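Asker: output the structure for:
(one chain, ligands or ions: 1)
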Amino acid sequence: MSMRLAPSMTADSQFFWDGVKQGQLLIQRCAACGALRHPPRPMCPHCHSLAWDTLESSGRGTVYSFVMPRHPQFPFFEDDYIVGLIELEEGTRLVSNLVDVAPEEARVGMAVVVRFDEFDDGVVLPVFTPRMQP
Ligand SMILES: [Zn+2]
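Answerer: Numbering: from 1, shown residues only. Take a look at the predicted model:
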């Protein structure tokens, strides 16, 4: 594997990246009304509660949207790469990389599943790869 820029971490998103290191995709859940939210933030947008816990995602989802950045050239990525907005089956969406997919084969709505890639510099990132639909 290669190197990858470490994600920027805040007090709000620490739990998410700690989960990723353990091979878990955690979604923040309001402890008052149960609404899920991502990206992590302190307050529930529905009921304004500050109390929250987490739900472990199945890791399954679909591609909601995707782009192939071309310019400017970004270090760490030598070849074409796909940035996907993934809608998890729990309902929240997150930005990630779509891997093991030829650019011309990427489709909105394609079924994907999370995979945790560890890079040479110790960075662990969740990426999404195609999955067979049941
Ligand atoms: Zn709430």
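
Asker: now Tyr4: how far from the ion?
Answerer: For residue 4 the amino acid is Arg, not Tyr. 34 Å (C-beta to the ion, to the nearest Å). (Each C-beta comes from the backbone N, C-alpha and C, glycine too.)

Asker: excluding residues flanking it in the chain, which one is nearest that residue?
Answerer: Closest residue in space to Arg4, ignoring its immediate chain neighbours: Phe119 at 4.3 Å, by C-beta to C-beta, 6 or more residues apart in numbering.

Asker: got it, and Phe76?
Answerer: Arg4 (5.3 Å).

Asker: burial check on the residue nearest to Arg4, number of neighbours?
Answerer: When neighbours are counted by other C-beta atoms under 10 Å, Phe119 registers 15.

Asker: now do the SS call for the residue nearest to Phe76.
Answerer: Classification of Arg4 using DSSP: H, G, I helix; E, B strand; the rest coil returns coil.

Asker: what residues are up against Val113?
Answerer: For Val113, the contact set (C-beta atoms under 8 Å, 6 or more residues apart in numbering) comprises 59-61, 128-131.

Asker: in its sheet, what does the helix or strand containing it sit against?
Answerer: Assigned by DSSP states H and E, Val113 belongs to strand 111-118. The strands beside strand 111-118 in its sheet (DSSP bridges) come out as strand 60-67 (antiparallel), strand 124-130 (antiparallel).

Asker: from the contacts of Val113, pick the one nearest Ser8.
Answerer: Comparing these against Ser8 with C-beta to C-beta places Phe128 closest, at 20.2 Å.

Asker: quick one: the closest one and Pro69, what's the gap?
Answerer: Separation of Phe128 from Pro69 (C-beta to C-beta, to the nearest Å): 16 Å.

Asker: looking at these two, which one has more neighbours?
Answerer: Phe128 (28 against 12).

Asker: mind listing the residues bridging to the nearest residue to Phe66 once chain neighbours are set aside?
Answerer: Take Phe66 and drop its neighbours on the chain: the residue closest to it by C-beta to C-beta, 6+ apart is Gly84, 4.3 Å away. For Gly84, the beta-bridge partners under DSSP bridges are Phe66, Ser96.
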